[in-house]
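[1] compute the structure for the input listed below.
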Amino acid sequence: MTADDRDREYRFGPEDFEDDPTDGSRDAVDPAAVIIAGALGVGVLLLIAAPLVEPVPVAGAEVGLPAAAALVFALGLVVGSGVYVRRGRRFLGAAHGVGAVGWVLVVLGTILPSRQLLLAGVGVLVAGIGVLGVLGWRARG
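    Numbering: from 1, shown residues only. Sure, this is the predicted structure:
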């Protein structure tokens, strides 16, 4: 299977989870995966804490924890996009990039407030989920 074939498929294989310490080609912990998963975890914690914390004024706008969580999600997806593109997984990188754009639009729509930006962000996220669903369905054969 070539890199382009792997790029077209959105699925994992057993080799993606194997850690062979004697094999010098793979680190025991992938720092990019830690950053991406860490951003997701921090974002979820911010969403859980949102009912307990008042919004904070930033540059004249009230910023709540849900907006901060969306920004953290976007940052994690930007990292994921760059990592996957650099590794030759262009479609997977593009999927992460689209998710990042969607979350940034949600943040801007929430902070400004702009219904159009918020709806555009949700639309981008829903479209991205749809594309990933189709890619996953096609990869099943």
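
[2] use CA for all of it now, contacts and neighbours both
    Noted.

[3] surely P66 touches L45?
    No - P66 lies out of contact with L45 (CA atoms under 8 Å); the separation is 10.0 Å.

[4] between the two, which is the more surrounded one?
    A count of neighbours by other CA atoms under 10 Å puts P66 above the other of P66 and L45, at 22 against 14.

[5] quick check, pLDDT for the closest residue to that one other than its chain neighbours.
    Excluding the flanking residues, the one nearest P66 by CA to CA, 6 or more residues apart in numbering is L47, at 5.5 Å. If you check L47, the pLDDT there is 93.

[6] list the buried ones in the longest helix along the chain?
    As assigned by DSSP state H, the longest helix anywhere in the chain is helix 115-139. Using 16 or more other CA atoms under 10 Å as the test for burial, helix 115-139 gives L117, L118, A120, G121, V122, V124, L125, G128, L132, L135.

[7] sort the residues you listed by pLDDT and name the bottom one.
    L135 (77).

[8] one step back: I figured the residue nearest to P66 hits L71, correct?
    No - shown here, L47 and L71 do not form a contact pair, counting by CA under 8 Å, at 11.5 Å.

[9] how much space between A49 and P66?
    Separation of A49 from P66 (CA to CA, to the nearest Å): 9 Å.

[10] swap that for A37, sorry
    The gap separating A37 from P66 is 18 Å, by CA to CA.

[11] I'd guess E62 is in a helix, am I close?
    No - judged by DSSP: H, G, I helix; E, B strand; the rest coil, E62 forms no part of a helix; its state is strand.
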